[in-house]
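1. all I have is the shape, not the residue letters:
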């Protein structure tokens, strides 16, 4: 299949999102579609997927003009779209989600459940995924939900598959599995659009790249002729820093200290984060770091051991107490745990301090707006007005609103769980600057991240976890990706 998009234009009110964009894709080709959040990538692909209608331009398949009134028409034409916001139903099983909308039936017209289960098992086994097809999707973590979306697209026998940030929540082994699937599909003549902010992944898997900036196509070419730095420069319009950002600092006083914490998902974990320090915590999926810090924050499983804040023992019963103690937690997976989709940016960015700015059950709207405006300026949040729905903002700006929410509580200790997940290279640099400024102001910060390069760039030292335990600590000359991976895979134990 040969796809051609010419002169595609799309506006939302006065906001012109796409400006005469040309894009093409051939079967057996992997093309990385790149750009900052808000550059127009998802809009362009939503037009191809039948989710949106373009204002001007044309789409051709094998030279024939086509138009799609909805996603079903796009899928019928051989185009499958794996959206960044997963389209799974949590209250259905794995096999039910895989066959959703195209259920198999017996001759009698009833659902052919045994055949759907068998074909689901066959597909997942072919992908080397050990997953019970009868499991409820609500019990799966984000990585397996992503894999189900990929499997569903593959089962639709699509000729073109659009993957919008498919690896953002996957571990390195799972990413390799996805890449192996992508190479297999390429060999079968399937065309793949790979939308990603992970530029090193792009240079590894994609054959070609196309870069959007401010709604215009600014660069296209073969990935063999470009490195990650070049692609980043195309995306933001200037060189992007790559040097380590953290600087050595003098010893300070302890803010958040743990002694031998043990729970169901972690055991015998100790650490001490000092004022002005950024402590990295990394590992692979299932290492227990999120469960550990959720428990510390009063939102996770019970544990034994001792916690100290400013040298005084404490144990939190819930997140309200955490806020009162001056501890904040920016959760991983912004879309599921960080934002409230039915609220606007102002409400999302101030909800943590509602109790402090309320009297007799009424929120002081003037004070709410003042606090939010202050954070908007400080974090450089881009929005038309505070009452914009949170879902109308780009991923990077949504993440900044979530960060604004917690900074409004003026925390002494700040836990950041994958704070740059799903945001573009420019927004990453802005978030790094914010984290470093918070540390300079004396906050004690725990930075949880799956990206070794992020840990190396931002943190002065890091704990590497493996199956719920601290496999080792790295700092100074040991802050290298190879050493972090060695510990994260258990080789150092």
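-> Arrived safely, thanks for sending. Not measured: the values here are computed from a predicted model.

2. could you point out which element follows the helix or strand harbouring residue 186?
-> Secondary structure assignment for residue 186, by DSSP states H and E: helix 172-187. Sequence-wise, the next helix or strand downstream of helix 172-187 (DSSP H and E) is strand 191-195.

3. packing partners for that following strand?
-> Strand 191-195 sits against strand 15-26, strand 30-34, helix 41-48, strand 160-164, helix 172-187, with contacts defined as 3 or more Cβ pairs under 8 Å, 6 or more residues apart in numbering; DSSP states H and E. Where you see a C-beta, it was placed from the backbone N, CA and C, and this is true even at glycine.

4. quick check on the nearest residue to residue 226 once chain neighbours are set aside: phi, psi?
-> Nearest non-adjacent residue to residue 226, counting by Cβ to Cβ, 6 or more residues apart in numbering: residue 209, 6.5 Å away. With angles defined as degrees, to the nearest 10, residue 209 sits at phi -130, psi 150.

5. beta partners for residue 209?
-> In this structure, residue 209 bridges to residue 32, residue 221 when assessed by DSSP bridges.

6. does it touch residue 29 like I think?
-> No: using Cβ atoms under 8 Å, residue 209 makes no contact with residue 29, being 11.4 Å away.

7. settle it for me: which of the two has more neighbours?
-> Set residue 209 next to residue 29 and count neighbours by other Cβ atoms under 10 Å: residue 209 wins out with 24 against 19.

8. how about stretch 105-112: buried residues?
-> Residues of stretch 105-112 classed as buried under the neighbour-count rule (16 or more other Cβ atoms under 10 Å) are residue 112.

9. what's the answer for stretch 415-431, then?
-> In terms of neighbour count (16+ other Cβ under 10 Å), stretch 415-431 has its buried residues at 415-431.

10. in helices, which of those residues appear?
-> Of those, the ones assigned to helices by DSSP state H are 425-431.

11. and of those residues, the nearest to residue 446?
-> Proximity of those to residue 446 was ranked by Cβ to Cβ; the top entry is residue 431 with 15.2 Å.

12. and that closest one, what is it in contact with?
-> By Cβ atoms under 8 Å, 6 or more residues apart in numbering, the contact set of residue 431 is 396, 399-400, 403, 419-420, 423.

13. same check on residue 16?
-> Residue 16 neighbours (Cβ under 8 Å, 6+ apart): 9-10, 215.

14. save the helices and strands packed on strand 191-195 as a markdown table, and put in distance to residue 100 and mean pLDDT too.
-> Below are the helices and strands packed on strand 191-195 laid out as a markdown table (distance: least, Cβ to Cβ, whole Å; pLDDT from 0 to 100):
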| stretch | distance to residue 100 | mean pLDDT |
| --- | --- | --- |
| strand 15-26 | 26 | 92 |
| strand 30-34 | 26 | 95 |
| helix 41-48 | 20 | 91 |
| strand 160-164 | 17 | 91 |
| helix 172-187 | 20 | 81 |
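
15. what helices or strands is whichever strand or helix holds residue 293 leaning on?
-> Using DSSP H and E, residue 293 sits in helix 289-296. Applying 3+ Cβ pairs under 8 Å, 6+ apart, one finds that helix 289-296 contacts strand 254-262, strand 278-282, strand 327-330, strand 413-417, strand 444-448.

16. what's the closest of those strands to residue 115?
-> strand 413-417 (40.7 Å).

17. helices and strands around that closest one, which ones?
-> When contacts are defined as 3+ Cβ pairs under 8 Å, 6+ apart, strand 413-417 packs onto helix 289-296, strand 327-330, strand 444-448.

18. residues in contact with it?
-> Where contact means Cβ under 8 Å, 6+ apart, the residues beyond strand 413-417 that reach it are 255-256, 273, 289-290, 293, 296-297, 309, 326-332, 406, 435, 438, 443-448.

19. against residue 164, how distant is residue 58?
-> 23 Å (Cβ to Cβ, to the nearest Å).

20. of these two, which one has the most company?
-> Taking other Cβ under 10 Å, residue 58 and residue 164 do not tie; residue 164 has more neighbours (22 against 13).

21. pLDDT weak spots in the chain?
-> 84-85, 142, 169-171, 239-251, 285, 491-493 (pLDDT under 70).

22. for the residue lying farthest from the centre of it, grab phi and psi.
-> Taking Cα atoms, centre = their mean as the measure, the residue most remote from the mean C-alpha position of the chain is residue 108, 44.0 Å away. For residue 108, the backbone dihedrals (degrees, to the nearest 10) come out as phi -80, psi -10.

23. tell me the contacts of it?
-> With Cβ under 8 Å, 6+ apart as the criterion, no residue contacts residue 108.

24. on that earlier part again, what subset of the contacts of strand 413-417 is buried?
-> In these, burial by neighbour count holds for 255-256, 273, 289-290, 293, 296-297, 309, 326-332, 406, 435, 438, 443-448, counting by 16+ other Cβ under 10 Å.

25. just the helices from the stretch 251-400 of the chain, written as ranges.
-> Taking DSSP state H, counting those that start in this stretch as the test, the helices found in the stretch 251-400 of the chain are 289-296, 319-325, 345-350, 365-379, 395-407.

26. ok now the last one, how far from the chain's centre?
-> Spelled out, it's helix 395-407. A distance of 13 Å separates the centroid of the chain from that of helix 395-407, by Cα atoms, centre = their mean, to the nearest Å.

27. please apply the same query to stretch 88-107.
-> Centroid separation for stretch 88-107 versus its chain: 26 Å, with Cα atoms, centre = their mean.

28. then stretch 262-269?
-> Relative to the chain's own centre, stretch 262-269 is displaced by 26 Å; criterion: Cα atoms, centre = their mean.

29. what sits up against that stretch?
-> Residues outside stretch 262-269 that contact it (Cβ under 8 Å, 6+ apart) are 258, 260-261, 288-289, 291-292, 295, 300-305, 465, 468-470.

30. let's go with 7 Å and repeat that
-> Residues from elsewhere that reach stretch 262-269 (Cβ atoms under 7 Å, 6 or more residues apart in numbering): 258, 260-261, 288, 291-292, 295, 301-305, 468-470.
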